[in-house]
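Trainee: Quick one, structure for this:
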Amino acid sequence: MAFENDKERVEIRISREVDKNISGSITSEIVKSIAGADIVIADLTGRNPNVFLELGIRFSLRNKITIFIAQNGTISPFDVNHYRTIFYRVVEPEPVKKQISKAIIEGYINDQKSDSLVFETFSQIYVRIPEFCESTSDTSSSKLNAMSWFEYWNKIEKILALLEDPTINGQFIPDAIMGISNGGLIAADLIGRALFRGKPILSLWANRFSRQHENVNDSFWFFDNDYNNAIINIIKNKIRDRNVVILLIDDHLGTGTTARQAEIYLKTKFDNSVDILFIPLFSNRPEYIAVVEELFPYNYNDGKTFRITKDDFLKSLCTKASTFPYLKEISTGA
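Mentor: Next comes the predicted model:
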């Protein structure tokens, strides 16, 4: 079935729980349907207790789209009477069809509007049930256009899938996993714990606000500080007979300035005896990709190690979000 107006057409597959629920009990299948359905239409006619329990489940799991309908003459309970209810007459189905169609379309178009009291009340609520649903409140997601934790973790899983085979086959074994400052360290820690147990997971601190020494090289002054130098010296003392292999992670590639300084810093401190694989999680600045793309997986070891094309890798960096789940901006910065 299709609902449409002059702006959008939406294909709808209808599942009626009344057809399944012969015994009248609320089963696990009904709960799954309530969680997984993009749209729930609840008929309040008869004030069935099961319907209100199901509504409570729906309101706690999904922020939208839940629509109330009722036959003419139904008195809605106080708890839900402030929500709009579409009233209908059994003998005149066409008017209510149009109203339901309009409500569904409005629910899809208006990304910021929640119709769940639970999600309206708790401004930072986030619910994720794999394969069933993911919902966030207006404040925590839509109004700020924040990335969901689901999208963030999905990206981590894709990076792990990219790294897994070369790691198992011995083609890529990093000596250290380095995350650039806080955002990079979060991702580096998740990746390192999942795939590189026993390898050090370190933060490469980008101090963008003040130079620690007056004689710091202009090309990598973000990183030339006592903290980072101490880490580099420890690695150099442990590995002397070959190139050091570094997996460098950042949550975001902006203008590429930070990543470029990190590259120059590492190559300078390791006397060019270092192999760097750089993986940013996301980027909304394609015009700056070329700044450090020689470090990307499709160029690593002349493109022989990782099975990914340039187009696929660059597409994987795209996101519609403007902030990370921890509210760091994606669209601006270095």
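Trainee: drop to CA atoms for contacts and neighbour counts, all remaining ones
Mentor: Will do.
Trainee: Distance check, the residue of the chain most remote from its centre against Gln71.
Mentor: The outermost residue of the chain, judged against the average C-alpha position, is Val91 (46.6 Å), by Cα atoms, centre = their mean. Shown here: Val91 relative to Gln71, a distance of 11 Å by Cα to Cα, to the nearest Å.
Trainee: can you check Asp251 too?
Mentor: 52 Å.
Trainee: and what of Asp218?
Mentor: 74 Å.
Trainee: More neighbours: which of Asp251 and Gln71?
Mentor: Asp251 (24 against 16; other Cα atoms under 10 Å).
Trainee: What's the mean pLDDT across the strand or helix carrying the more buried one?
Mentor: With elements taken from DSSP states H and E, the one containing Asp251 is strand 244-252. Per-residue pLDDT over strand 244-252 has a mean of 97.
Trainee: go on, stretch 86-105?
Mentor: 89.
Trainee: Tyr326: what's it in contact with?
Mentor: Tyr326 makes contact with no residue, according to Cα atoms under 8 Å, 6 or more residues apart in numbering.
Trainee: make it 10 Å
Mentor: Ser140, Ala146, Met147, Ser148, Trp149, Gly183 (Cα atoms under 10 Å, 6 or more residues apart in numbering).
Trainee: CSV please, covering the residues you listed and showing pLDDT and neighbour count.
Mentor: Shown next, in CSV, are the contacts of Tyr326 (pLDDT from 0 to 100; neighbours: other Cα atoms under 10 Å):
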residue, pLDDT, neighbour count
Ser140, 48, 22
Ala146, 80, 22
Met147, 87, 22
Ser148, 85, 23
Trp149, 87, 17
Gly183, 93, 18
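Trainee: from those, which is closest to Ile177?
Mentor: Gly183 (13.7 Å; Cα to Cα).
Trainee: Give me the spatial nearest neighbour of Ile246, chain neighbours excluded.
Mentor: Counting by Cα to Cα, 6 or more residues apart in numbering, Ile276 is the residue found nearest to Ile246 once chain neighbours are left out, at 4.9 Å.
Trainee: Please confirm that that neighbour is located within a strand.
Mentor: Yes - according to DSSP: H, G, I helix; E, B strand; the rest coil, Ile276 belongs to a strand.
Trainee: How many residues are close by it?
Mentor: That count, for Ile276 with other Cα under 10 Å as the rule, works out to 21.
Trainee: what sits against Leu53?
Mentor: Counting by Cα under 10 Å, 6+ apart, Leu53 has contacts Ile26, Phe59.
Trainee: Against Asn243, how distant is Arg193?
Mentor: The value you get for Arg193 to Asn243, if Cα to Cα is used, is 23 Å.
Trainee: between these two, who's got more neighbours?
Mentor: Asn243 (16 against 13).
Trainee: In this structure the more buried one contacts Ile173, no?
Mentor: No - with contacts counted by Cα atoms under 10 Å, Asn243 stays clear of Ile173, the gap being 11.7 Å.
Trainee: Where does the prediction get shaky in this structure?
Mentor: Counting by pLDDT under 70, the chain contains low-confidence ranges at 1-13, 16-25, 78-82, 111-112, 131, 138-144, 212-216, 331-334.
Trainee: picking up where we left off before, just checking, the residue nearest to Ile246 touches Tyr300?
Mentor: Yes - look at Ile276 against Tyr300 with Cα under 10 Å: they come within range, at 8.2 Å.
Trainee: tell me, what's touching those two both at once?
Mentor: Glu294.
Trainee: Restricted to strands, list the contacts of Tyr326.
Mentor: For the contacts of Tyr326, membership in strands holds for none, with DSSP state E as the criterion.
Trainee: Please tabulate the residues you listed in a markdown table and include distance to Asn50 as additional columns.
Mentor: As requested, the contacts of Tyr326 are exported to a markdown table (distance: Cα to Cα, whole Å):
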| residue | distance to Asn50 |
| --- | --- |
| Ser140 | 31 |
| Ala146 | 35 |
| Met147 | 35 |
| Ser148 | 32 |
| Trp149 | 32 |
| Gly183 | 45 |
